[in-house]
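Student: quick one, structure for this:
(one chain, ligands or ions: 1)
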Amino acid sequence: MTVIIIGSGFAGASCAWWLARLGVRDVIVLEREEMPGLHASGLNAGMARSYEEDETIAPLAREGIDFILNPPEGFTDKPLIECNGSLLLNPDRWTPTDGVVDIHAYLWAFINGAKAGGIKFLFGKKITDIKICPHDIIVNAAGAWAQEIANLEGAEDLDIKSYRRHLYCTPPMPDINPKWPFVWDIENKYYFRPESGGLLLSACDEEEVAPGTPPTNPKIREALAEKLMKFCPSFANVSIAREWCGLRTFAPDRRPVIRWDKKIRNFFWLTALGGRGVTCAASAGRIAAEEVLKCLSV
Ligand SMILES: Cc1cc2nc3c(=O)[nH]c(=O)nc-3n(C[C@H](O)[C@H](O)[C@H](O)COP(=O)(O)OP(=O)(O)OC[C@H]3O[C@@H](n4cnc5c(N)ncnc54)[C@H](O)[C@@H]3O)c2cc1C
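Tutor: From the prediction side, this is the model:
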């Protein structure tokens, strides 16, 4: 029985790492791109936020941040997080242990650890490129493509959809202190944090788009400028040096889907991590790997 993980973003890479740690060796990670992290896992804001209202996501976030703060011995020799805290507004909350994750170091630590544990990563390969035996286990960690993969395999229709979000970076600015926390106004939907001597900002936009690499929408930049003018006038006229967008993937109830499919056998869902996939990578991957191990053990 081979475990085939589809996708090498945070979901797939973490699951692979945990499987290696649990002693499972017959695992292949398929990644359609030539390298990992070309989609959500490499395009995000890297903020690890422990506060979460949703009671399903809250323990995942806490466990995920705890892992980032205290990674197991040998996981990485690079610092994974800069803990400058988070300042949430509306409702207001200060959390000193939150911070910004080095997403590339974190993703590669999972991948390198999994490889060292004997797990194979095949880049530039899709599920249709390999032969899958009926007993093999598929872990669907395909992010925005998760529903497509499920449809291909005849699994449930969970109505998983992807939503575009934009991020903007200013050039270095003299008054920005790199030790500032990330600031997130929950009610008015915007956030900013220090980045490379300037700021990284988002208007927390959300627009349903098809899985893929969508173009940026210039209207969102205008929406951000309006929000800054209203809520942070001192940033209202910042110039933008770089902008990009990525896809956040959600189930209709906006909770992660980490469970076996109810329609077909040996198909595990590890997706819909929404806007919390960096924060919850370690916990989501652990749960998936433990479920897979249980299935292999019976
Ligand atoms: C703009 C933005 C900001 C964000 N900010 C934060 C944040 O601050 N904090 C936080 O915790 N989270 C944040 N997130 C969310 C986080 O990035 C995601 O939840 C997480 O990266 C999802 O990981 P994933 O592995 O599920 O998906 P992905 O990273 O999309 O990985 C899925 C992989 O599957 C591959 N794939 C798809 N189809 C196939 C196929 N048929 N065969 C093989 N491979 C396939 C894709 O190529 C891709 O590499 C943000 C996301 C965005 C877009």
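
Student: residue contacts, the nearest residue to A155 once chain neighbours are set aside?
Tutor: Nearest residue to A155, sequence neighbours excluded (Cβ to Cβ, 6 or more residues apart in numbering): D261, at 4.3 Å. All C-beta spots, glycine's among them, are computed from the backbone N, C-alpha and C. Contact analysis of D261 by Cβ atoms under 8 Å, 6 or more residues apart in numbering lists A150, A155, E156, F267, F268, W269.

Student: same check, this time on A142
Tutor: Going by Cβ under 8 Å, 6+ apart, the list of residues near A142 reads I6, G7, G12, E148, I149, T271.

Student: and with 6 Å instead?
Tutor: I6, G7, I149 (Cβ atoms under 6 Å, 6 or more residues apart in numbering).

Student: name the residues that touch stretch 182-192?
Tutor: 47, 86-90, 193, 199, 201-204, 227, 231.

Student: can you put these in CSV and add distance to the ligand?
Tutor: Output for the contacts of stretch 182-192, formatted as CSV (distance: Cβ to the nearest ligand atom, whole Å):
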residue, distance to the ligand
M47, 3
S86, 10
L87, 14
L88, 13
L89, 16
N90, 18
R193, 9
L199, 14
L201, 11
S202, 7
A203, 11
C204, 9
K227, 16
F231, 19
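
Student: and the residues you listed, which of them are in helices?
Tutor: K227, F231 (DSSP state H).

Student: which one of the contacts of stretch 182-192 has the most neighbours?
Tutor: Neighbour tally across the contacts of stretch 182-192 (other Cβ atoms under 10 Å): the maximum, 26 neighbours, falls on L201.

Student: returning to what we had before: filter the contacts of D261 down to the ones in helices?
Tutor: A150.

Student: stretch 116-130 and the ligand in contact?
Tutor: Yes - judged by Cβ under 6 Å from any ligand atom, stretch 116-130 and the ligand are in contact via K126, I127.

Student: so where do the helices sit in the stretch 151-298 of the chain?
Tutor: Under the criterion DSSP state H, counting those that start in this stretch, helices of the stretch 151-298 of the chain are mapped to 218-231, 281-297.

Student: deepest of the ones you listed, which one?
Tutor: helix 281-297 (a mean of 21; mean count of other Cβ atoms under 10 Å).

Student: I'd like the helices of the stretch 151-298 of the chain as TSV, with mean pLDDT appended.
Tutor: Listed next are the helices of the stretch 151-298 of the chain as TSV, based on pLDDT from 0 to 100:
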stretch	mean pLDDT
helix 218-231	96
helix 281-297	97
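
Student: would TSV of these with distance to G117 be doable?
Tutor: Below are the helices of the stretch 151-298 of the chain laid out as TSV (distance: least, Cβ to Cβ, whole Å):
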stretch	distance to G117
helix 218-231	41
helix 281-297	11
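
Student: highest neighbour count among the contacts of A142?
Tutor: G7 (29 neighbours).

Student: from G85, how far out is it?
Tutor: G7 is 32 Å from G85, where distance means Cβ to Cβ, to the nearest Å.

Student: now do the residue nearest to A155, the pLDDT please.
Tutor: At D261, the pLDDT value in this model is 98.

Student: same check on H135?
Tutor: 89.

Student: for it, give me its contacts.
Tutor: Per Cβ under 6 Å, 6+ apart, neighbours of H135: M1.

Student: ok, now with 8 Å
Tutor: M1, N266 are the contacts of H135 under Cβ under 8 Å, 6+ apart.

Student: same question, P211
Tutor: G143, A144, W145, E148, S162, L247.
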